[in-house]
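Peer 1: I would like to see how this sequence folds:
(chains A and B)
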There are 2 protein chains.
Amino acid sequence: MLSKSQIKLITSLKQKKYRLQHELFVVEGVKTIKELLQSNLVLHKLYTTETFNIDAKDEILISEADLKRISFLKSPNKALAVFKIPEVKQIDKSKLIVALDDVRDPGNLGTIIRLCDWFGIRDLICSKETVDCFNPKVIQATMGSITRVNISYIDLASFLKDNQTTNYGAFMDGKNVYQTNLLEKGVLVMGNEANGISQEIESVINERVSIPRFGNIRATESLNVATATAVLLSEFKRR
Amino acid sequence: MLSKSQIKLITSLKQKKYRLQHELFVVEGVKTIKELLQSNLVLHKLYTTETFNIDAKDEILISEADLKRISFLKSPNKALAVFKIPEVKQIDKSKLIVALDDVRDPGNLGTIIRLCDWFGIRDLICSKETVDCFNPKVIQATMGSITRVNISYIDLASFLKDNQTTNYGAFMDGKNVYQTNLLEKGVLVMGNEANGISQEIESVINERVSIPRFGNIRATESLNVATATAVLLSEFKRR
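Peer 2: Numbers count the residues shown, from 1 in each chain, chains lettered A, B, ... in the order given. Okay, here's the model as predicted:
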């Protein structure tokens, strides 16, 4: 059985301010939860319709109906876990870092976190206006990668201003990335879905890069920010 | 004012069988509609709350309330257009072709269509089980690219069997794509989100390629099919 206070706590975690206040976030689905249980994340409580055979004090068996009451999904998937938000580690400037300037779409952020994980990017830094990485839709899209990428929300302009390595920025009219010398360390900045990189950030970019367009596409269109990140990370890492 | 038969026709176009029967599909949003009006697509009818200043016989001014009745979106965006499904052109085997083996997610197909457009891929061929490209969610994700890529639904296994150029396939355990000689013509096959390329298709692949993993990711995970397509198309086209 679920208590009223448990329901209230869990449903409050849909909102960023309550996630920050309680330092907790929600993960749904058996596969993702199992993966996160094996990571260094700390479980707060697991609400499930079938036992995971973990420490009984952490697991609360509930009915399908109760799961439906707390789930953020249209079709709940057997279990919902509440984890503690991990501590953010210090940023390692000796390697390539990915930075996001106000990426707003949770699916895009989730995909970019998976890409960082795949391409061995340890640090993802986000402007304060970037969507929260513990947003349930981001968590659904990351498939466990969230535990392997260190994500910091910072004053991006200050960080880039102080940065001693190259600040690369993705622009529509930058230099052909295939013909650019890409260093092993630096920061690759990706912009907002609608507006690209903001003027303030643009002023601290050292190298503007662009993925050339091969088709007969209109100049007003661009690649989606997640697919552009995929291509650019591949260029930085290929050998 | 909208007639009952108009409402019935438009709402039926949510379903593939009615799209095929009427040879019509729906596009929403002012920006995308304006772009498609400038393409070679043939407009059937435009239902809009504000005039587009096009031929009066094609445009029907409706109220916000009426738009809400016919829209497939939660927040309708001023206009809904019904276009004729264009004729599929013959496949051009002299260039690189992208093939999809049962890609099911509309967002992934939409993103892949945009990528084909960006990277100058003229032909996208899809297995019969791949999600329909005139599905409203695909159309929302393509941003107009749908008019510039020739999309054919075919018996993919037969096509690949008869193909005289190289059939490339994306696999988890293929050859490092960065070290593979990629030809200017051929077919690049991308598999289903959960199961990858099917056994039948695998048997007619000549070159298995893979995007190396740089991070410490678990072997069971893969890149999303759309981001993998982005990286592979970039590799084929980069110079």
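Peer 1: tally of neighbours for A:K185?
Peer 2: Residues near A:K185, counting by other C-beta atoms under 10 Å in any protein chain shown, number 13. Placement of C-beta: from N, CA and C, glycine included.
Peer 1: residues in contact with it?
Peer 2: With contact taken as C-beta atoms under 8 Å, 6 or more residues apart in numbering or on different chains, A:K185 is in contact with A:K93, A:S94, A:K95, A:L96, A:T165, A:T166.
Peer 1: residue ranges with poor pLDDT in chain A?
Peer 2: A:217-220 (pLDDT under 70).
Peer 1: Strands along that one, start to end?
Peer 2: A:24-28, A:43-48, A:59-61, A:79-84, A:96-100, A:123-127, A:150-154, A:167-176, A:186-190, A:207-210 (DSSP state E).
Peer 1: From A:T147, how far off is A:K93?
Peer 2: For A:K93, the distance to A:T147 equals 22 Å [C-beta to C-beta, to the nearest Å].
Peer 1: Contacts for stretch A:23-33, please.
Peer 2: By C-beta under 8 Å, 6+ apart, the list of residues contacting stretch A:23-33 reads A:9-10, A:13-14, A:19, A:36, A:44, A:46, A:52, A:71-73, A:76-85, A:134, A:136, A:139-140, A:143-144.
Peer 1: Buried ones from the residues you listed, can you make that a ChimeraX selection?
Peer 2: To isolate the buried ones among those in ChimeraX, judged by 16 or more other C-beta atoms under 10 Å in any protein chain shown, type:
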select /A:9,10,13,19,36,44,46,52,71,72,76,78,79,80,81,82,83,85,134,136,139,140,143,144
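Peer 1: Run a quick neighbour tally on the closest residue to A:T111 other than its chain neighbours.
Peer 2: In space, and not counting its chain neighbours, A:T111 is closest to A:A226: 4.0 Å by C-beta to C-beta, 6 or more residues apart in numbering or on different chains. Using other C-beta under 10 Å, A:A226 has 26 neighbouring residues.
Peer 1: which residues touch the closest residue in space to A:L233 that isn't next to it in sequence?
Peer 2: Closest residue to A:L233 in three dimensions, ignoring its sequence neighbours and counting by C-beta to C-beta, 6+ apart: A:F119, at 4.3 Å. Neighbour list for A:F119: A:L233, A:S234, A:F236, A:K237, B:F214, B:G215 [criterion: C-beta under 8 Å, 6+ apart].
Peer 1: doesn't A:R148 make contact with the last one?
Peer 2: Yes: the pair formed by B:G215 and A:R148 meets the contact definition of C-beta atoms under 8 Å, at 6.7 Å.
Peer 1: Residues that sit against both of those two, list them.
Peer 2: A:D117.
Peer 1: Tell me the spacing between the residue nearest to A:T111 and B:K31.
Peer 2: Taking C-beta to C-beta, one finds A:A226 at 20 Å from B:K31.
Peer 1: Which ones among the contacts of stretch A:23-33 lie within helices?
Peer 2: A:L9, A:I10, A:R19, A:L36, A:P136, A:I139, A:Q140 (DSSP state H).
Peer 1: can you tell me which two in the residues you listed are farthest apart?
Peer 2: Maximum pairwise distance in the ones in helices among the contacts of stretch A:23-33, criterion C-beta to C-beta, is 19.9 Å, between A:L9 and A:Q140.
Peer 1: before we move on, the earlier item: and the contacts of stretch A:23-33 near chain B, which?
Peer 2: Among these, proximity to chain B is found for A:M143, A:G144 (C-beta under 8 Å from any C-beta of the partner chain).
Peer 1: looking at the sheet around A:A99, what are its partners?
Peer 2: Beta-bridge partners of A:A99, counted by DSSP bridges, are A:I125, A:V189.
Peer 1: Count the neighbours of it for me.
Peer 2: Counted with other C-beta under 10 Å, the neighbours of A:A99 add up to 27.
Peer 1: re earlier: reformat the contacts of A:F119 as TSV; add distance to B:Y153 and neighbour count.
Peer 2: What follows is those, written out as TSV (distance: C-beta to C-beta, whole Å; neighbours: other C-beta atoms under 10 Å in any protein chain shown):
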residue	distance to B:Y153	neighbour count
A:L233	32	25
A:S234	30	26
A:F236	37	20
A:K237	35	20
B:F214	36	17
B:G215	36	19
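Peer 1: Between those, which sits nearest A:S127?
Peer 2: A:L233 (18.9 Å).
Peer 1: which ones are touching that closest one?
Peer 2: A:V98, A:L115, A:C116, A:W118, A:F119, A:I121, A:L188.
Peer 1: switch to 10 Å and redo it
Peer 2: A:96, A:98, A:112, A:115-116, A:118-121, A:188, A:190, B:214, B:227, B:230-231 (C-beta atoms under 10 Å, 6 or more residues apart in numbering or on different chains).
Peer 1: Then A:T142?
Peer 2: A:27, A:32, A:106, A:109-114, A:116-117, A:133, A:148-149.
Peer 1: Can you give the domain ranges for chain A?
Peer 2: A:4-84, A:96-237 (automatic domain parsing).
Peer 1: on that earlier part again, out of the strands of chain A, which one sits most buried?
Peer 2: Neighbour counts (mean count of other C-beta atoms under 10 Å in any protein chain shown) averaged over each of these peak at strand A:96-100, with a mean of 26.
Peer 1: Can you name every helix or strand that that strand contacts?
Peer 2: Applying 3 or more C-beta pairs under 10 Å, 6 or more residues apart in numbering or on different chains; DSSP states H and E, we find strand A:96-100 packed against helix A:106-118, strand A:123-127, strand A:150-154, helix A:156-162, strand A:167-176, strand A:186-190, helix A:225-237.
Peer 1: partners of the fifth one, with directions?
Peer 2: Under the criterion DSSP bridges, strand A:167-176 sits next to strand A:186-190 (parallel), strand A:207-210 (parallel) in its sheet.
Peer 1: and A:E129, how far is that from A:I91?
Peer 2: Distance from A:E129 to A:I91, by C-beta to C-beta: 19 Å.
Peer 1: Then A:I125?
Peer 2: 7 Å.
Peer 1: Likewise for A:K57?
Peer 2: Per C-beta to C-beta, A:K57 is found 36 Å from A:I91.
Peer 1: Could you do A:T11 as well?
Peer 2: Taken as C-beta to C-beta, the span from A:T11 to A:I91 is 33 Å.
Peer 1: show me what contacts the closest residue to A:K34 other than its chain neighbours?
Peer 2: Spatial nearest neighbour of A:K34, chain neighbours left out: A:F52 (7.3 Å); criterion: C-beta to C-beta, 6+ apart. Counting by C-beta under 10 Å, 6+ apart, A:F52 makes contact with A:V30, A:I33, A:K34, A:L37, A:L43, A:L46, A:D58, A:E59, A:L61, A:K78, A:A79, A:A81.
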